[in-house]
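*Asks:* what follows is a protein structure lacking sequence information:
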DNA sequence: CGCGTAGTTGACGAGAGTCAACTATAGTGG
DNA sequence: CCACTATAGTTGACTCTCGTCAACTACGCG
């Protein structure tokens, strides 16, 4: 309500060429978890294998079911992984920020992409093909070990989600996702934490396995309690502490 | 009903020492997916790092939350991974057969065991510690790549399960699990496929995220339709085709 | 300032969880 | 080999969360 005369508080996505400049590329590559132990020299070499691409907001990077031929790294923006189901329901498997990888390759056990990747906002991504990546893998053994660790972590996260889906009511799942989004995309403001990424009711519903109506209802009660603020496509957490309390005490 | 005068049709679990004999150990190790490309000589060496242990039916191998110190391989029997929740509900994350691995190590991104492992039947498992495993990893680079592949596959499976939990009704989830169990533990009989592993209503419920009562109700309708037979702790699929039909057409 | 889309709200019903009582099974010991 | 008992499985009744359909409101971009 307070924002009725304002437009979205999110940073505008003004992407220019410089977002994929060599400097930015290298910086982001060095932040990719599975390249972390590498020397600058090796990173420079690896960088040469990658190609940059801009993706407009809402556009797909690849489609579910297509032959898995590339591994991607988010450089700027945000990418969401959507699992489309035959029943017409979408599931948001992950929302990635700069430095995270996605996509798939046969070496990594992916024959086909398991989901469709969309640019959640206009983004810049790097990609590498199978042959090049295998070369990188062989040249840098530590990368393989890091990959195992990351994948195991994601597996754990997925199993944790299974736990949530089978034992928690929708309200608690939404609270959990809000707090997680605050951690990952949150920007501290004087009046709370603004989630710095486009984030609609439908996104929230697809992350928690509910309908956008139910998500809307629950978000409204949270707003009425002063826990969050929200507008079209954005959410801010006003009182993370109270939200967490509620989340824990709920049982 | 037909079995009212019989005991369980499952093979009795008569474990003797020979189930963990060197021969059997080597054979199972060679079947572990991440050792598949290794030579006999290397396997022999790896074998020396493993220790064998017998676990009685229902006993735990390790507990959820404990420091992850070992990687295990099922040699004989079956092991189930149970995620205990604070709400008192259990989730059966996986049911493993000989040749599959479980447990965790810091190298693999596990600080603590994420679940408790129970012997679903009296079993024999091999274990290896952190130091030894890292040695094996360094001596055999292909193992790391295989591990990535296996973990990615498990991640995919977990995400597929998330999909099922959020979009499928219980009946369809149960059908899916029955067919999967038939594939994995099924033994062909003249009158159908017997699932050769102890398998209670509670297990089924914990796999599909429902209550044992609901699982029981659905299993009863399946029995009434002649799709399955079942008794205390065992299930046989009489008509896999019809079951699959039902599963697909259900929407 | 107006339109398209995101978000809201209400009403209703179906799926599935829970509680509780009951029955059947299969291993145990007489 | 049969009775005994603990435990697995079944069934009914009730409740409640949440999904669905539908109408409505209001942002915020152009």
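*Replies:* Yes, it's here. Remember, predicted model here, so these are calculated numbers, not experimental data.
*Asks:* report the secondary structure state of the residue of the stretch 1-150 of chain A found nearest DNA strand C.
*Replies:* The minimum distance from the stretch 1-150 of chain A to DNA strand C, using Cβ to the nearest atom of the strand, falls at residue A:58 (8.9 Å). Every residue, glycine included, has its C-beta placed from N, CA and C. Judged by DSSP: H, G, I helix; E, B strand; the rest coil, the three-state class of residue A:58 is coil.
*Asks:* quick check: it vs residue A:80, distance?
*Replies:* According to Cβ to Cβ, to the nearest Å, residue A:58 stands 10 Å off from residue A:80.
*Asks:* go on, residue A:195?
*Replies:* Residue A:195 is 14 Å from residue A:80, by Cβ to Cβ.
*Asks:* other residues contacting stretch A:173-184?
*Replies:* Residues outside stretch A:173-184 that contact it (Cβ atoms under 8 Å, 6 or more residues apart in numbering or on different chains): A:95, A:97, A:164-165, A:168, A:193, A:195, A:197, A:199, A:204, A:207-210, A:215, A:218-219, A:222, A:228, A:235, A:237, A:240, A:243-244, A:246-247, A:250.
*Asks:* distance of residue A:76 from residue A:119?
*Replies:* 10 Å.
*Asks:* repeat that for residue A:232.
*Replies:* Residue A:232 is 19 Å from residue A:119, by Cβ to Cβ.
*Asks:* which of those two has more residues huddled nearby?
*Replies:* Each of residue A:232 and residue A:119 has its neighbours counted (other Cβ atoms under 10 Å in any protein chain shown); residue A:119 has more, 22 against 10.
*Asks:* how about the strands in the stretch 1-150 of chain A?
*Replies:* A:51-55, A:60-62, A:70-84, A:90-96, A:101-103, A:116-129 (DSSP state E, counting those that start in this stretch).
*Asks:* contacts for the first one?
*Replies:* The list of residues contacting strand A:51-55 from outside it, by Cβ under 8 Å, 6+ apart, reads A:15, A:20, A:25, A:61, A:75, A:77, A:79, A:119, A:122-128.
*Asks:* burial measure for residue A:220, as a count.
*Replies:* Residues near residue A:220, counting by other Cβ under 10 Å: 12.
*Asks:* pretty sure it sits in a helix.
*Replies:* Yes. Judged by three-state DSSP, residue A:220 forms part of a helix.
*Asks:* residue A:240 contacts residue A:193, doesn't it?
*Replies:* Yes. Assessed by Cβ atoms under 8 Å, residue A:240 is found in contact with residue A:193 at 6.1 Å.
*Asks:* these two: who's more crowded?
*Replies:* residue A:193 (22 against 17).
*Asks:* look up the closest residue to residue A:49, ignoring the ones flanking it.
*Replies:* Spatial nearest neighbour of residue A:49, excluding adjacent residues (Cβ to Cβ, 6 or more residues apart in numbering or on different chains): residue A:132 at 4.0 Å.
*Asks:* neighbours around the one you found, how many?
*Replies:* Residues lying near residue A:132 (other Cβ under 10 Å) number 17.
*Asks:* now swap in residue A:87 and tell me
*Replies:* Residue A:87 has 11 nearby residues by other Cβ under 10 Å.
*Asks:* one more: residue A:138?
*Replies:* 12.
*Asks:* next one: it from residue A:103, what distance?
*Replies:* 20 Å.
*Asks:* also residue A:41?
*Replies:* From residue A:41 to residue A:103 the distance is 26 Å (Cβ to Cβ).
*Asks:* so those two - more neighbours on which side?
*Replies:* Counted by other Cβ under 10 Å, residue A:41 and residue A:103 do not tie: residue A:103 has more neighbours, with 22 against 8.
*Asks:* quickly note the distance from the more buried one to residue A:120.
*Replies:* To residue A:120, residue A:103 is 16 Å away according to Cβ to Cβ.
*Asks:* for residue A:140, same thing?
*Replies:* Taken as Cβ to Cβ, the span from residue A:140 to residue A:120 is 30 Å.
*Asks:* so which of these two has more stuff around it?
*Replies:* Each of residue A:140 and residue A:120 has its neighbours counted (other Cβ under 10 Å); residue A:120 has more, 25 against 20.
*Asks:* now for the more buried one: which residues touch it?
*Replies:* A:57, A:77, A:78, A:79, A:80, A:95, A:197, A:198, A:203 are the contacts of residue A:120 under Cβ under 8 Å, 6+ apart.
*Asks:* ok, residue A:69 next?
*Replies:* Applying Cβ under 8 Å, 6+ apart, the residues near residue A:69 are A:105, A:129, A:130.
*Asks:* neighbour-wise, which of those residues leads?
*Replies:* Highest neighbour count within the contacts of residue A:69: residue A:105, with 20 neighbours (other Cβ under 10 Å).
*Asks:* which residues touch the closest residue to that residue other than its chain neighbours?
*Replies:* Spatially, and ignoring its direct neighbours in sequence, residue A:105 is nearest to residue A:130 (5.1 Å; Cβ to Cβ, 6+ apart). By Cβ under 8 Å, 6+ apart, the residues touching residue A:130 are A:69, A:70, A:105, A:106, A:107.
*Asks:* could you check the pLDDT of residue A:130?
*Replies:* Listed pLDDT for residue A:130 reads 97.
*Asks:* kindly report the same for residue A:102.
*Replies:* For residue A:102, pLDDT reads 96.
*Asks:* with residue A:9 instead?
*Replies:* For residue A:9, the predicted pLDDT is 76.
*Asks:* do you know how far it is from residue A:119?
*Replies:* 20 Å.
*Asks:* quick check: residues of the stretch 51-200 of chain A near DNA strand C?
*Replies:* residue A:200 (Cβ under 7 Å from any atom of the strand).
*Asks:* isn't residue A:227 right up against residue A:243?
*Replies:* Yes. With contacts counted by Cβ under 8 Å, residue A:227 reaches residue A:243, the gap being 4.9 Å.
*Asks:* got any residues that touch both of those two?
*Replies:* In contact with both residue A:227 and residue A:243: residue A:237, using Cβ under 8 Å, 6+ apart.
*Asks:* if we can go back for a sec, turn the strands of the stretch 1-150 of chain A into TSV, including distance to DNA strand D.
*Replies:* Listed next are the strands of the stretch 1-150 of chain A as TSV, based on distance: least, Cβ to the nearest atom of the strand, whole Å:
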stretch	distance to DNA strand D
strand A:51-55	18
strand A:60-62	20
strand A:70-84	15
strand A:90-96	12
strand A:101-103	26
strand A:116-129	12
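*Asks:* closest to residue B:188 out of the ones you listed?
*Replies:* strand A:70-84 (33.9 Å; Cβ to Cβ).
*Asks:* now do the buried residues in the closest one.
*Replies:* Neighbour counts using 16 or more other Cβ atoms under 10 Å in any protein chain shown place A:70-83 of strand A:70-84 among the buried residues.
*Asks:* good, wrapping up.
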